[in-house]
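>>> Give me the fold of what follows.
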Amino acid sequence: MRALWLLSLLAVPPPGAGKLASERPVEMRSSGGLEVDLKRNVGVARGDVVIRRDDVIVCCDEAEARYRGKEIERVECRGRVVVVRADGTKAVADVAVFDAAKESVSLSGRARVRSESADVEGQLIVYDIRSDQLSVKGKDSRFRFQPPASEGLKLPRSCPPE
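Next up is the predicted model:
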């Protein structure tokens, strides 16, 4: 079940990484351009957005990142969100939000996380990094431990893009 907690998108560094998640280098690119508001410390990317960190890739239609100095404070990805972790864990959602202050990651709108050992689905999946707890909400919430290997997760896009 521990593999399930890997849903943490941009939040949990891999073993041996000395920096906090919000301090680690992140690259954001898009086919539709980037806007950076230096006064408000906000970056917005539109059109086939790809966000890379050494342990995770996030693909979506639009992303907004808020930062202070060298630290990421919040990242919100919208539209056909796909998250691919280095260990093979994948997640899909309509919206994904990493909030450094709350130390949480939220997936909403037909959210699903699939790892080698677990499959979770619901309207809202929230991972509290501090307490290492997962909350799945919605009338059709589902958790399955050790799902069949033949049953994959249908991705709304290729991530990383080919």
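>>> Torsion angles phi and psi at residue 124?
phi -140, psi 120 (degrees, to the nearest 10).
>>> residue contacts, the nearest residue to it once chain neighbours are set aside?
In space, and not counting its chain neighbours, residue 124 is closest to residue 137: 4.3 Å by Cβ to Cβ, 6 or more residues apart in numbering. Just so you know, the C-beta spots here come from the backbone N, C-alpha and C atoms, and that holds for glycine as well. Residue 137 sits next to 122-126 when contact means Cβ atoms under 8 Å, 6 or more residues apart in numbering.
>>> Any chance of the residues you listed in JSON lines with neighbour count and pLDDT as columns?
Shown next, in JSON lines, are these (neighbours: other Cβ atoms under 10 Å; pLDDT from 0 to 100):
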{"residue": "122", "neighbour count": "21", "pLDDT": "93"}
{"residue": "123", "neighbour count": "17", "pLDDT": "93"}
{"residue": "124", "neighbour count": "16", "pLDDT": "94"}
{"residue": "125", "neighbour count": "25", "pLDDT": "93"}
{"residue": "126", "neighbour count": "19", "pLDDT": "91"}
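>>> Could you work out the most separated pair of these?
123 and 126 (11.0 Å; Cβ to Cβ).
>>> shaky segments in this protein?
Along the chain, the parts satisfying pLDDT under 70 run over 1-24, 150.
>>> again, 50 this time
1-20, 22 (pLDDT under 50).
>>> Counting neighbours, show which residues of the lengthiest strand in the chain come out buried.
Secondary structure of the chain per DSSP state E: the longest strand is strand 71-85. Using 16 or more other Cβ atoms under 10 Å as the test for burial, strand 71-85 gives 72-85.
>>> Would you mind measuring from residue 152 to residue 84?
Using Cβ to Cβ, to the nearest Å, residue 152 is found at 13 Å from residue 84.
>>> Do a quick rundown of the strands in this structure.
27-29, 34-37, 42-53, 56-68, 71-85, 90-99, 104-114, 118-128, 133-137, 142-145.
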